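In: fold the following.
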Amino acid sequence: MSLKPIIYKIKTRSNVSFEHYKARLVAKGFTQEYGIDYEETFAPVARISSARALLAVAAASTILLLLYVDDMIITGDDLSGIQELKDFLCQQFEMKGLGHLSYFLGLEITHSIDGLYITQAKYASDLLSRAGLTDSKTVDTPVELNAHLTPSGGGRNHCLIHKRLVGSLVYLTVTRPDISYVVHQVSQYLSAPRSSHYVAVLRILRYLKGTLFHGLFYSAQSPLVLRAFSDADWAGDPTDQRSTTGYCFLLGSSLISWRSKKQTFVARSSTEAEYRALASTTSELL
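Out: Presented below is the predicted three-dimensional model:
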């Protein structure tokens, strides 16, 4: 079996400090021979199906993780059950314990007795660096009041980084519902972006520059009461006259789901637009 050299990558923490080196051994698969370098097996699939995470819930005083493993229920306060689960997984896979979760895929998690705080400050900071926004100028809102984007707004935008910035902003909405609406707007024009669309993206970035540490807080004392809110802007799109639905869900004081999406059909009145938004919200709620 032919192997390429090991490729090293430096893994960093959320504060950019060194964590560890990551090694990767790359094999030329087309040189492998059956029975010598590999054999067919479906064992990993079977092992994966035997350890399934079903539900995560927040209790009044603690956050619990409910697991189902081979007909055995494990909760977050079952220390012996958790250890048995770890032993089981270590027997099936090559694993190592990473300790308390603090940084994962750009998500920064801060633990306290009050709950969890999740942000993407480092991810947003790296995004600003890629965009070249080195000045200190910021704005108070991610979009101008009564601003409407159109397919023909300004000249053709030839900035190669535009699509990458929008894609990164989409991922940033994981913890930033305050930019969901405007990111939804700029995402509609990626096939033929114009200069006005790029200006809108830059405004989002300048808003982020002044709100880097905004994020989501999940309180350990939050009651298990589910609430939903919905709204719609009637004929908000000047091009096709379609409305946009917006909704959010809170479990107690914790925001757990939100969305901003253009409605499929043109509403003939603001009442119809509101009912369509309410129907989508109810569907998601159920």
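In: and for the nearest residue in space to L190 that is not next to it in sequence, the neighbour number?
Out: The spatial neighbour of L190 that comes closest, neighbours along the chain excluded (Cβ to Cβ, 6 or more residues apart in numbering), is K163 at 5.5 Å. For every residue, glycine as well, the C-beta is placed using N, CA and C. Neighbours of K163 under the rule other Cβ atoms under 10 Å: 15.
In: name the element L216 belongs to?
Out: In this structure, L216 is located in strand 215-219 according to DSSP states H and E.
In: what packs against that strand?
Out: strand 115-119, strand 254-262 (3 or more Cβ pairs under 8 Å, 6 or more residues apart in numbering; DSSP states H and E).
In: just say which of those is most tucked in.
Out: Highest mean neighbour count of the helices and strands packed on strand 215-219: strand 115-119, a mean of 18 (counted as mean count of other Cβ atoms under 10 Å).
In: now do it: distance to the chain's middle.
Out: Put simply, strand 115-119 sits 14 Å off its chain's centre (Cα atoms, centre = their mean, to the nearest Å).
In: who does it pair up with?
Out: If you go by DSSP bridges, strand 115-119 pairs up with strand 107-112 (antiparallel), strand 215-219 (antiparallel).
In: now S253. Nearest residue, chain neighbours left out?
Out: With sequence-adjacent residues excluded and distances taken as Cβ to Cβ, 6+ apart, S253 is closest to S222, at 4.9 Å.
In: give me phi/psi at the one you found?
Out: Phi and psi for S222, reported as degrees, to the nearest 10, are phi -70, psi 130.
In: quick one: pLDDT of the residue nearest to L190?
Out: If you check K163, the pLDDT there is 88.
In: gap between it and Y171?
Out: Distance of K163 to Y171, computed by Cβ to Cβ, to the nearest Å: 13 Å.
In: could the helices and strands packed on strand 215-219 be laid out in a markdown table, adding distance to S17?
Out: Shown next, in a markdown table, are the helices and strands packed on strand 215-219 (distance: least, Cβ to Cβ, whole Å):
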| stretch | distance to S17 |
| --- | --- |
| strand 115-119 | 17 |
| strand 254-262 | 30 |
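In: which one of these lies closest to V183?
Out: strand 254-262 (8.2 Å; Cβ to Cβ).
In: run the chain-centre distance for the strand holding L216.
Out: Relative to the chain's own centre, strand 215-219 is displaced by 14 Å; criterion: Cα atoms, centre = their mean.
In: tell me the strands beside the very next helix or strand once past it, with direction?
Out: Per DSSP H and E, strand 215-219 leads on to strand 226-233 as the next helix or strand towards the C-terminus. Here strand 226-233 is paired, per DSSP bridges, with strand 244-251 (antiparallel).
In: tell me the gap between the strand it pairs with and the middle of its chain.
Out: 16 Å.
In: ditto for stretch 120-129
Out: For stretch 120-129, the distance to the chain centre is 14 Å (Cα atoms, centre = their mean).
In: buried ones in that stretch?
Out: 120-124, 127-128 (16 or more other Cβ atoms under 10 Å).
In: lovely, talk soon.
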